[in-house]
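Visitor: Model the following, please.
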Amino acid sequence: MRLIQHWQARRAARIVARRAIPDALWQLTLAHLPFLTWRSTADLAELRRLSSLFLDSKEFTGANGLVVDDAMAVCIAAQAVLPVLRFGLAPYNGFVGIVVQPDEVLARREVMDEHGVVHAYGEVVAGEAMEGGPVMLSWRDVQDAAISAEHGYNVVIHEFAHVLDMADGTADGVPPLASAQARRQWLAVLMPAYDRLGEQVACGYDTLLDPYGAQGPEEFFAVATETFFVQPQQLRAEHPDLHGMLARYFQQDPAADAGH
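Guide: Have a look, this model is predicted:
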């Protein structure tokens, strides 16, 4: 086991050296993502290292004439690896492709009603994560990450939260956990918060969490995750139990970091 770990560490070091992110480009990325500014020097160093490994393992494709340059790829990578900063890229091993659209796209949907009739419709989406990939992202939304963070919105973190959720084969708002008891404890926090958001949205109240989270537990987890990383102190103040659960899962506490 030690030999395997040693080999893996050496291999990762070679990849990071080969795919090193230039200092100027990394500083540009940090300037574009202000919710990273309160991170410690050690966190930013690990974020940079994981971003290099992420870039080496994923294939970026621009759609509808969009050309994905290095700055765009690094911007996406830095946000994608933020949730896995403490436990590494293994949860992302199940896919390779990242498709970057210039803007939102119309996704075709089908739903079967209680009578067995299939209804087709279109849904405008800024991102979409599919089991086994690819992950689709709207560059306009990625590019606006600094502005949208003020509203608790981040399309990259949202979609990669879905990737984490689907790692056990089911998009249900519960990522793979250590035990059945851990799952019960997770649901004991997640579902009351989800129900509360649904009630608030139904009553027309303004909410910290994006109302889209009321669509289902899987969307609630993704919405809560993006808020956890870009508006952590607000989440901790309004949803302390939810914040605590996410801090334990992600093994990091951006709210504490932001307070320094």
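
Visitor: just the strands in this structure please.
Guide: 59-62, 97-101, 105-112, 118-125, 127-129, 135-138 (DSSP state E).

Visitor: Tell me which of the ones you listed approaches residue 246 most closely.
Guide: strand 127-129 (18.2 Å; Cβ to Cβ). Yep, even glycine has a C-beta here, placed from its N, CA and C like the rest.

Visitor: average pLDDT across the closest one?
Guide: Taken as a whole, strand 127-129 carries a mean pLDDT of 95.

Visitor: So which elements touch it?
Guide: strand 135-138, helix 155-165 (3 or more Cβ pairs under 8 Å, 6 or more residues apart in numbering; DSSP states H and E).

Visitor: by contact count, what packs against the shortest one?
Guide: Using 3+ Cβ pairs under 8 Å, 6+ apart as the contact definition, the elements that strand 135-138 packs against are strand 97-101, strand 127-129, helix 155-165.

Visitor: Can you get me the centre-to-centre distance for it and its chain?
Guide: 12 Å (Cα atoms, centre = their mean, to the nearest Å).

Visitor: Find the nearest non-adjacent residue to residue 106, please.
Guide: Leaving aside its sequence neighbours, residue 106 sits nearest to residue 122 (Cβ to Cβ, 6 or more residues apart in numbering; 4.6 Å).

Visitor: what pairs with that neighbour across the strands?
Guide: residue 108 (DSSP bridges).

Visitor: That one contacts residue 109, doesn't it?
Guide: Yes - here residue 122 reaches residue 109: they are 7.0 Å apart, a contact under Cβ atoms under 8 Å.

Visitor: How many residues are close by residue 173?
Guide: 22 (other Cβ atoms under 10 Å).

Visitor: Let's test this: name the helix or strand in the protein with the lowest mean pLDDT.
Guide: Sorted by mean pLDDT, DSSP states H and E, the helices and strands of the chain end with helix 2-18, the least confident at a mean of 72.

Visitor: The residue nearest to residue 106 - how many residues pack around it?
Guide: If we define neighbours as other Cβ under 10 Å, then residue 122 has 10 of them.

Visitor: what about it, distance to residue 155?
Guide: Using Cβ to Cβ, to the nearest Å, we find residue 122 at a distance of 19 Å from residue 155.

Visitor: what about the stretch 1-150 of the chain, any weak spots by pLDDT?
Guide: 1, 3-8, 110 (pLDDT under 70).

Visitor: what's the distance between the longest helix along the chain and the middle of its chain?
Guide: Ranked by residue count and defined by DSSP state H, the top helix of the chain is helix 180-202. Taking Cα atoms, centre = their mean, one finds helix 180-202 lying 19 Å from the centre of the chain it belongs to.

Visitor: cool, stretch 222-242 as well?
Guide: The gap between where stretch 222-242 is centred and where its chain is centred comes out at 13 Å by Cα atoms, centre = their mean.

Visitor: try stretch 69-77
Guide: Counting by Cα atoms, centre = their mean, stretch 69-77 comes out at 15 Å from the chain centroid.

Visitor: quick one: buried residues of it?
Guide: Across stretch 69-77, burial judged by 16 or more other Cβ atoms under 10 Å covers 72, 73, 74, 75, 76, 77.

Visitor: ok now do the first one, which residues does it touch?
Guide: With Cβ atoms under 8 Å, 6 or more residues apart in numbering as the criterion, the residues that contact residue 72 are 60, 100, 139, 142.
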